[in-house]
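[1] 3D model of this:
(chains A, B and C)
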Amino acid sequence: MSSNEWAILGLTLRTAALATLLIVPPGLAIAWLLARRRWRGKSLVETLVALPLVMPPVATGLILLQLLGRRGPVGGWLHRTFDFDIVFTWRAVVIAMMVMSFPLFVRAARVAFEEVNPRLEQIARTLGAHEWRVFVTITLPLAARGVLSGLLLAFARAIGEFGATILVAGNIPGRTQTLSLAIYNFVQLGRDADAFRLLVVAVVIAFAAVWITEAFLRRRA
Amino acid sequence: MMCRLLLALLVVLPLHAAEVRVFAAASLTDALTEIARDYENRSSDKVVFNFGASSILARQIEAGAPADLFLSADEEKMNALVARKLIDPRTRVSVLSNKLVIVVPRRGGKSITDPRQLAQPRIRSIALAEPSSVPAGIYAKKYLQSLGIWSAVAKKIVPTDNVRAALAAVVAGNVDAAIVYRTDARISKAVRVVHEVMNGPRISYPFAVVADAEQPRAARRLLAHLRSQSARDTFARYGFDVIQ
Amino acid sequence: MSIILRDVVLPLTDFTLEVSLELTANTTALYGPSGAGKTSLLEVIAGLRDARGTVELHGRDVSRLPPRLRRVGYVPQDDALFPHLSVRQNVFYGAQVREDAREHSAIDVLEIRPLLDRSVKKLSGGERKRVALARALLSEPEVLLLDEPLSGVDVALRDRVLEYLVRAREEFPVPAIYVTHQMEEVTAIAEEIVVLERGRVTERRLL
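    A predicted model of the protein is given here:
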């Protein structure tokens, strides 16, 4: 692999790792709320969380572009107040990855939490544990398998993200060009050999991710 | 008796109307749409467009996409297809030229009084069509190289799939500047032209009929119309320079 | 009057639980056929289920308090030992004192010291019961709720486990409710019996 290709891989892995890390706190929180609590408007939250999974990724990307662009509600404020740009930078890559893999993680974590026997949490409460302690010592460890496989799934989704990324972050070599965007770019430029080399890299990563997940789950079973 | 004749004519006429598929450079979008509407009123043919970057269109034709006419934004793309015998070389003709301009957003755009200022750090992003393949980007890169600022500017480039996407980035205010065709800048009120490139690279739009076009006769008819005075007037109105 | 229930109402699947009780005995047996609502009543007292009415423990109105503030020790029918923690971690989960303090008489009364470093999965039925009870006792509850402590234990070993329970009651005489549908356990351990049928108290007498 050329140094350019290592750079593309590095950018992809760094942004995907950061995106995955950032969705953990809100993802766990929402998954837990969906698993353990009922409230008015719960189905609205469920639907909103699932949207990026079901909508065409470019449509999601367009929404992000409107929100985060220099004239958008969020991007505009950041640009005016801090001279801070999101679109066409690595930050947009991370945000696109976060939005697209969030529903996958929440889904997996929610199922994992639902499978924890609520009786165990109840007993912990009678033994004097407050909610946070119950979550950290009982719920989360017992749901760890499902949560971790959800995390790996989210990471893989982040690496493969294309549609939303290309709209909101652009295909800028060295800045926002992830693995998927680079493959697309090489195809557009007619550089098929380069495209195929990156394709092999993508397959190897996907293979490794699934293999590791399966091995991990087998071990804990 | 008259009714039956009329009915027969109505059945037969649509069979003669051809659908001409035109693959055209993105910068020609507005002018061509107007010309085609007028053409469809005069003739019985229909025109169907596929607008995009000439590089992408050429790849599509190479891959066998059905096209009757190819209207490219640079000679290289046409040359490549001629070399692969995908173009009827007898029909090839270069009709139009264009100029490059540097644009900034009209609202809140930074002030640029000299093109070399693009190298300054305060200009953080410049949108161009993909400079290694799309004609508009290739022309723009040649221009920036001729100014001696390409290496300073290269890391600020936001490459887009075609020239209209570069324009859109400026319209939305998401980049500080873009280099597009004069004709692109004219169609949007949301951008301001800060410099028109007078001695830039030679821009030329070759038109030709595709070798295994499904509608070669209709394609030739349309091509002839594109060279007519009325079409040239329309192109000129949109800001194109007319060759010949 | 350690445990007082006033107008506790809880709709269940087939009937409504409606109980008003003032328990004075130290160990009260809650007796009745399965499905009578005994477990649900324990859950209301522990704060694990919301019901209308008032629950008072040692003069404190705990009706609006979450389980962790009620100081109730609950040993459910299925033990509910934490499968991912060791016996030691289970037993000390609610303990107020530090793990390595020597004086933990519940551990010695129930003779589970040799079990401490074992995995929860490797315990026999009787051992599980003792560990669950020790865990509840170590949280220093003011009220103890035992839901069919001998269910799931081999008939042959019942007497032994019952012995442990009796000893534990002697060492830790906090007011307790002991749910069962076996009369022998009632006579062995309780001072009063309350009979619950289809959500209502139908009989009550001292033993």
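
[2] which stretch of helix or strand covers B:Thr234?
    helix B:229-237 (DSSP states H and E).

[3] Adjacent strands (with direction) for the next helix or strand after that helix?
    Sequence-wise, the next helix or strand downstream of helix B:229-237 (DSSP H and E) is strand B:241-242. When pairing is defined by DSSP bridges, strand B:241-242 lines up against strand B:93-97 (antiparallel).

[4] picking that back up, residues of the helix holding B:Thr234 that come out buried?
    With burial defined by 16 or more other Cβ atoms under 10 Å in any protein chain shown, the residues of helix B:229-237 counted as buried are B:Ala231, B:Arg232, B:Thr234, B:Phe235. C-beta here means a position set from N, CA and C on the backbone, and glycine is covered the same way.

[5] so what pLDDT did the second one get?
    This points to B:Arg232. Looking at B:Arg232, its pLDDT reads 95.

[6] How about chain C: which residue is closest to chain A?
    At 2.9 Å from chain A, C:Gly94 is the closest residue in chain C, using Cβ to the nearest Cβ.

[7] what about that residue, how many residues close to it?
    22 (other Cβ atoms under 10 Å in any protein chain shown).

[8] In contact with it, which residues?
    A:Thr126, A:Leu127, A:Gly128, A:Ala129, C:Arg135, C:Ala136, C:Leu138, C:Ser139 (Cβ atoms under 8 Å, 6 or more residues apart in numbering or on different chains).

[9] and the residues you listed, which of them are in helices?
    With DSSP state H as the criterion, helices contain A:Thr126, C:Arg135, C:Ala136, C:Leu138 from among these.

[10] In what element of secondary structure is B:Asn41 found?
    Counting by DSSP H and E, B:Asn41 is part of helix B:29-42.

[11] buried residues in that helix?
    Under the neighbour-count rule (16+ other Cβ under 10 Å), helix B:29-42 has B:Thr29, B:Asp30, B:Ala31, B:Leu32, B:Ile35, B:Ala36, B:Tyr39 buried.

[12] what's the answer for stretch A:204-221, then?
    A:Ile205, A:Ala209, A:Thr213.

[13] How about stretch C:176-184?
    Those buried within stretch C:176-184 under the rule 16+ other Cβ under 10 Å are C:Ala176, C:Ile177, C:Tyr178, C:Val179, C:Thr180, C:His181.

[14] Out of those residues, flag the one nearest to C:Leu207.
    C:Tyr178 (11.9 Å; Cβ to Cβ).

[15] quick check, nearest of the buried residues of helix B:229-237 to B:Val103?
    Relative to B:Val103, and with distances defined as Cβ to Cβ, the nearest of those is B:Phe235, at 20.5 Å.

[16] which ones are touching the closest residue in space to the closest one that isn't next to it in sequence?
    Closest residue in space to B:Phe235, ignoring its immediate chain neighbours: B:Ala31 at 5.3 Å, by Cβ to Cβ, 6 or more residues apart in numbering or on different chains. By Cβ under 8 Å, 6+ apart, the contact set of B:Ala31 is B:Thr183, B:Thr234, B:Phe235, B:Arg237, B:Tyr238, B:Phe240.

[17] tell me the two of the residues you listed that are most distant?
    Maximum distance among these (Cβ to Cβ): 11.6 Å, for B:Thr183 and B:Thr234.

[18] where's the dip in pLDDT among the buried residues of stretch C:176-184?
    C:His181 (85).

[19] ok, that residue touching C:Glu148?
    Yes. Using Cβ atoms under 8 Å, C:His181 makes contact with C:Glu148 at a distance of 7.5 Å.
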